[in-house]
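1. My questions concern the predicted model and sequence given below.
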Amino acid sequence: QVQLVESGGGSVQAGGSLRLSCAVSVYFYNCMGWFRQTPGKEREGVATVNGDGTTNYADSVKGRFTISRDMANKTLYLEINSLTPEDTAMYYCAAAMRWVCGGLQPANFNSWGQGTQVTVSS
């Protein structure tokens, strides 16, 4: 069972930045992604990276969020800039047993981390 452990969340003011990290315990899946969820709402896809390194972003974060991965250290990152209160959420790292993620749908992913909280104040 692959374990995914997120870190890097915190409380920031609007306009600030954070870098989230996700450490993978066993091996690096081909497709990985970041998701977020707020209470009472469905989990939504934020960004994904395919096995070939191509990326996909939700429209709401394009130009502000950047997904990347360090293959040597088996770590997935999410750089988040120009934060707004609407970005407040629990952020989750996820992995899928496929080369191409096939979109931002959570159902496409098999393994999940425990989440890291991001809170943005105005």
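-> Arrived safely, thanks for sending. Small disclaimer: the values here were computed from a predicted structure and weren't measured.

2. quick one: the strands in this structure?
-> Taking DSSP state E, the strands of the chain run over residues 4-7, 10-13, 18-24, 31-37, 44-49, 55-57, 65-70, 75-80, 89-96, 111-112, 116-121.

3. Can you check which of those strands gets nearest to residue 105?
-> For the strands of the chain, distance to residue 105 was read as Cβ to Cβ. The smallest value, 6.5 Å, belongs to strand 44-49. Yep, even glycine has a C-beta here, placed from its N, CA and C like the rest.

4. coming back round to it: in CSV, list the strands of the chain along with mean neighbour count.
-> Below are the strands of the chain laid out as CSV (neighbours: other Cβ atoms under 10 Å):
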stretch, mean neighbour count
strand 4-7, 18
strand 10-13, 13
strand 18-24, 19
strand 31-37, 23
strand 44-49, 22
strand 55-57, 17
strand 65-70, 17
strand 75-80, 22
strand 89-96, 23
strand 111-112, 17
strand 116-121, 16
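
5. Adding mean pLDDT and distance to residue 104, write the ones you listed out as JSON lines.
-> Converted to JSON lines, the strands of the chain look like this (pLDDT from 0 to 100; distance: least, Cβ to Cβ, whole Å):
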{"stretch": "strand 4-7", "mean pLDDT": "96", "distance to residue 104": "17"}
{"stretch": "strand 10-13", "mean pLDDT": "97", "distance to residue 104": "24"}
{"stretch": "strand 18-24", "mean pLDDT": "96", "distance to residue 104": "16"}
{"stretch": "strand 31-37", "mean pLDDT": "96", "distance to residue 104": "7"}
{"stretch": "strand 44-49", "mean pLDDT": "97", "distance to residue 104": "3"}
{"stretch": "strand 55-57", "mean pLDDT": "97", "distance to residue 104": "6"}
{"stretch": "strand 65-70", "mean pLDDT": "96", "distance to residue 104": "11"}
{"stretch": "strand 75-80", "mean pLDDT": "96", "distance to residue 104": "13"}
{"stretch": "strand 89-96", "mean pLDDT": "96", "distance to residue 104": "10"}
{"stretch": "strand 111-112", "mean pLDDT": "93", "distance to residue 104": "14"}
{"stretch": "strand 116-121", "mean pLDDT": "98", "distance to residue 104": "18"}
